[in-house]
Each structure stands twice: as C-alpha cells, then as structure tokens.
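S.K.: Based on what follows, work out the 3D shape:
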Amino acid sequence: MIRKIALGLLAFIAVAVIAIFSIASTRPNTYHVERSAVTSASPQTVHALIEDFRRFTEWSPFQKYDPNQKHDFSGPPTGVGASIHWVGKEVGEGRMTITSSTSPHSVEEKLEFIKPFPSTAQMRFTITPEGTGSRVTWAIDGNHDMMSKVMCLFMSMDAMMGKDFDDGLANLKRVSEVAPAGTDTKATPGS
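M.R.: Below you'll find the predicted structure:
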C-alpha cells in the first residue's frame, strides 16, 4: 500500500514538473524592466554620478542587501571601459562595465552576473532635461534561460527588479541633489 502511494506521489510530481517546464517554455525569451524618476539636479550632475562607479555605492539599491560586499575597479575612472567588480555573501559575484557614455544624455553598461548563476544583461540610463532638473530612466534588457522562465511563472522580472530600480533612483535623486557643484561641469561641447 505504501509503495502504491509513493509511486502515485512520484508520478504526480513528475507530471507537475513536466507541466511547469512545458508552460515555462512558452514564455518570452527576453525581458525588459524600466523605471524613471525626476530630480532637481542637472543632467550633467546626474550623468557624472552614474558614470563614476567609485560613487555607485552611494546610491546603489543593492548595497543594502550586503553592506560588507567587496568592490574593485578597473579601467579609466569614468566613462567607456570603467568597470566595477563585486563579491559578497548575499549578492554573489558580478561586474558592470560602461560600454557607451554620451554626456549628459546616457550611460550604457554591460552587466555580468558570475555567481551564483552566470548571465549577462544590458543596462541603460537615459537622462533628459525636465524643468530645471532631470528625468532619469533606468532600463535593463536581458535573455531568459529555462530556469528564469520557470521562476517568472511565479514572479515577473518587473516585480523582482522594479522595486530595486525605484529605490536606486530615489537614492540617485537624493545623492545628485547634494552632489558637489564641481560635478556639474562635465558637459561635453555640443551637448
């Protein structure tokens, strides 16, 4: 009798797993998450903060998850090629590298998660004048593997990442509005 119950339970679990993976396989192959916020800081000030990874921890929403994470930097101090690498017990290991920077309008980054699950994504910050300040839009685009498709059956990427983007933009607003006046001089000719 116990054997029949165990076999029935195993069959039920197998059918449930097959059904979940079948449904997950119909989910989109890509994801996009985007949030915006307005700050009274100028586009030049906001741009200078975003493209300087040495100031990233001042506004990063991920710092709260693991305040003891370690960071190291490579490449130039700011702009294309600047990179931050992090390792932490709670946040895993990863790297962000600036791939494009057009002051004061945009910064694009390659985001690489190394541990616990390898993946890559593209992040983009778009900065537009709004009133006497700026509107900052933070977007991420990436590809789903089968495990993330299964995970997204229960919670969307927008729900998982959106709150962090909102928190990060609120932090960026706070930091940019008290940023030293010298960060406003980074505009390039013709911008």
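
S.K.: Where do the helices of this protein begin and end?
M.R.: Here the chain has its helices, by DSSP state H, at 2-24, 43-50, 56-59, 146-151, 157-176.

S.K.: Mean pLDDT lowest where, among the ones you listed?
M.R.: Lowest mean pLDDT of these: helix 146-151, a mean of 66.

S.K.: picking up where we left off before, and of the helices of the chain, who's closest to residue 100?
M.R.: Residue 100 lies closest to helix 43-50 among the helices of the chain, at 12.0 Å (C-beta to C-beta). Placement of C-beta: from N, CA and C, glycine included.

S.K.: Who are the packing partners of that closest one?
M.R.: strand 119-130, strand 133-143, helix 157-176 (3 or more C-beta pairs under 8 Å, 6 or more residues apart in numbering; DSSP states H and E).

S.K.: Looking at the helices of the chain, which is nearest to residue 37?
M.R.: Relative to residue 37, the nearest member of the helices of the chain by C-beta to C-beta is helix 157-176, separated by 3.7 Å.

S.K.: Could you dump the helices and strands packed on helix 43-50 into CSV and include mean neighbour count and distance to residue 34?
M.R.: Listed next are the helices and strands packed on helix 43-50 as CSV, based on neighbours: other C-beta atoms under 10 Å; distance: least, C-beta to C-beta, whole Å:
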stretch, mean neighbour count, distance to residue 34
strand 119-130, 16, 9
strand 133-143, 18, 4
helix 157-176, 17, 8
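
S.K.: Residue 70 is nearest to which of these?
M.R.: Closest to residue 70 of these, according to C-beta to C-beta: helix 157-176, at 19.8 Å.

S.K.: tilt between that closest one and strand 119-130?
M.R.: Between helix 157-176 and strand 119-130, the angle comes out at 50 degrees (axes from the mean of the first three to the mean of the last three C-alpha atoms, to 10 degrees).

S.K.: any idea how far residue 4 is from the spatially closest residue to residue 171 that is not a sequence neighbour?
M.R.: Closest residue to residue 171 apart from its sequence neighbours, by C-beta to C-beta, 6 or more residues apart in numbering: residue 59 at 3.9 Å. Distance of residue 59 to residue 4, given as C-beta to C-beta, to the nearest Å: 59 Å.

S.K.: what about these two, which has more around it?
M.R.: Legend: neighbour count by other C-beta atoms under 10 Å for residue 59 and residue 4, higher for residue 59 (19 against 8).

S.K.: hang on, the more buried one packs against residue 177?
M.R.: No. Using C-beta atoms under 8 Å, residue 59 is not in contact with residue 177, being 11.1 Å away.

S.K.: what sits against the nearest residue to residue 120 once chain neighbours are set aside?
M.R.: Distance criterion C-beta to C-beta, 6+ apart; nearest residue to residue 120, sequence neighbours excluded, is residue 112 at 5.1 Å. Counting by C-beta atoms under 8 Å, 6 or more residues apart in numbering, residue 112 touches 94, 95, 96, 97, 118, 119, 120.

S.K.: Residue 112 bridge partners, please.
M.R.: As for beta bridges, residue 112 partners with residue 95, residue 120 under DSSP bridges.
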